[in-house]
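Peer 1: Provided below are the primary sequence and the corresponding predicted coordinates.
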Amino acid sequence: RSAPSILNPAIGLALDATAEHRAKAGGDFNLRAAELGLSAAIDPYARAYAFINANRDEVELEEAAIVTTSLPWNLQARAGRFFADFGRLPKFHPHEYPFVNTPLSQERMVGGESRAAGVELSYLVPTPFFLRATLGGYNKMGAENERLDDTRPRAWSRFTYLGRLQTYLDLADNHSVELGSSLAYTPSIRIPEDPKGGSRSLTGLDLTYRYQPLGSTLYQGFTLGGELFGNTERVERASGFRRLQALGGYAYAEAKLTREWGAGFLFDNAPSLSSPGKKTISYSPFVTWNLSEFNRLRFQYSFLDDDVREEKTERGNQFFLQWTTFLGSHTHGFRTR
């Protein structure tokens, strides 16, 4: 009686919109996301969360997962639809990025966000420093990955399997580093035009360095981060199907100057998976103005040098003004400190 809403889940809404201008395509106003988040403890043994995302094209259930909270032996299990534990930024919603857009290297190689339907088991290794190991199995991984159909049963060899190690180290009182390595492997992918089919392996290495001045607030500091992706699979060429390897990734630096202001730079190298020698390279300085903890404006300029034939329309200068707001409960914890 004293707290009638005590059993209600925490509810939050994130709104993310941009005004965009691209040299070859012109201008556009884009409601990128209206993301409704729900989360609550189920009982002493598990919690659950869900994210429903609407944009100008569709409304979809982005995540809905159950997470254990009291397994023995430092274990934690997760099942449902969620962002698989691959890399660093592939597990973030786009409005959580320190810059405006998803790196093109991540879009091409991971499939954007690492969304997957399946199960994961994580183990916190009892070492003097933080070390976590994750194993996972999914229908497929990647929100924009169209190699496999996420709605049909298939042989176990056509599932995607993940292994990841992640660590965190304090180098000094005001210096820290996070390091992770990931491998996602699909033993068999059916290619209608190629009777041999083939496997696919996607590797990732992510590194994040942070400097937090002693005696300062959490709103000052410097972050340097990046990820390297490697993709190996059979792709179609003019001479037939061949197994090719593509390497790409991004790196960024961000300085938090005051409580309100920050600035940074993003470099992105995105290869074509079918022609790894052709790449799209982009350079993107950005400035962030935090009006409050729940209201943010960000301006970004990008220049794209594009050698990938089918995306010549993206070449040249691009300008973005992003406005992101949060209503209600919306936290991302330690990872976005």
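Peer 2: Perfect, thanks for sending it. Numbering: from 1, shown residues only.

Peer 1: ok, and the closest non-adjacent residue to the residue nearest the centre of the chain?
Peer 2: Central residue of the chain (C-alpha atoms, centre = their mean): residue 90, 1.8 Å from the mean position. Closest residue to residue 90 apart from its sequence neighbours, by C-beta to C-beta, 6 or more residues apart in numbering: residue 114 at 3.8 Å. Placement of C-beta: from N, CA and C, glycine included.

Peer 1: before we move on, back to that, quick check: the residue nearest to the centre of the chain touching residue 113?
Peer 2: Yes: Residue 90 is within contact range of residue 113, at 5.9 Å (criterion: C-beta atoms under 8 Å).

Peer 1: tell me, what's touching those two both at once?
Peer 2: Shared contacts of residue 90 and residue 113 (C-beta atoms under 8 Å, 6 or more residues apart in numbering): residue 83.

Peer 1: quick one: the residue nearest to residue 90 from residue 317, how far?
Peer 2: Look at residue 114 and residue 317: by C-beta to C-beta, to the nearest Å, they are 30 Å apart.

Peer 1: Give the helix, strand or coil label for the residue nearest to the centre of the chain.
Peer 2: What DSSP: H, G, I helix; E, B strand; the rest coil gives for residue 90 is helix.

Peer 1: So for it, what's the pLDDT?
Peer 2: Note on residue 90: pLDDT of 95.

Peer 1: do the same with residue 271
Peer 2: If you check residue 271, the pLDDT there is 93.

Peer 1: who's in contact with it?
Peer 2: Residues near residue 271 by C-beta under 8 Å, 6+ apart: 105, 108-109, 246-248, 277-279.

Peer 1: Quick one, which of these are buried?
Peer 2: Neighbour-count burial (16 or more other C-beta atoms under 10 Å) applied to those gives 105, 108-109, 246-248, 278-279.

Peer 1: From the residues you listed, pick the one nearest residue 75.
Peer 2: Nearest to residue 75 out of those is residue 109 (C-beta to C-beta; 30.0 Å).

Peer 1: contacting residues for that closest one?
Peer 2: With C-beta under 8 Å, 6+ apart, residue 109 has these contacts: 202, 229, 231, 246, 248, 270-271, 273.

Peer 1: State the helix or strand in which the closest residue to residue 79 other than its chain neighbours lies.
Peer 2: Excluding the flanking residues, the one nearest residue 79 by C-beta to C-beta, 6+ apart is residue 119, at 4.5 Å. Assigned by DSSP states H and E, residue 119 belongs to strand 115-124.

Peer 1: Which secondary structure elements does that strand sit against?
Peer 2: If you count contacts as 3 or more C-beta pairs under 8 Å, 6 or more residues apart in numbering; DSSP states H and E, strand 115-124 packs onto strand 75-83, strand 130-141, strand 160-172.

Peer 1: Any chance you could give me the last one in PDB, C-alpha atoms only?
Peer 2: Taking C-alpha atoms only, strand 160-172 is exported to PDB below (Å, rounded to 0.1, in the frame of the first residue of the first chain):
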ATOM      1  CA  THR A 160      27.100 -18.500 -35.100                       C
ATOM      2  CA  TYR A 161      29.400 -19.200 -32.100                       C
ATOM      3  CA  LEU A 162      31.200 -16.600 -30.100                       C
ATOM      4  CA  GLY A 163      34.200 -16.500 -27.800                       C
ATOM      5  CA  ARG A 164      35.500 -13.400 -26.100                       C
ATOM      6  CA  LEU A 165      38.100 -12.300 -23.500                       C
ATOM      7  CA  GLN A 166      37.900  -8.900 -21.900                       C
ATOM      8  CA  THR A 167      40.100  -7.300 -19.300                       C
ATOM      9  CA  TYR A 168      40.400  -4.000 -17.400                       C
ATOM     10  CA  LEU A 169      43.600  -2.600 -15.900                       C
ATOM     11  CA  ASP A 170      44.500   0.500 -13.800                       C
ATOM     12  CA  LEU A 171      47.900   1.600 -15.100                       C
ATOM     13  CA  ALA A 172      48.000   4.300 -12.500                       C
END
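
Peer 1: What count of nearby residues applies to the residue nearest to residue 90?
Peer 2: 27 (other C-beta atoms under 10 Å).

Peer 1: Residue 141 is in contact with that one, correct?
Peer 2: Yes: counting by C-beta under 8 Å, residue 141 is a contact partner of residue 114 at 5.7 Å.

Peer 1: All set, thanks.
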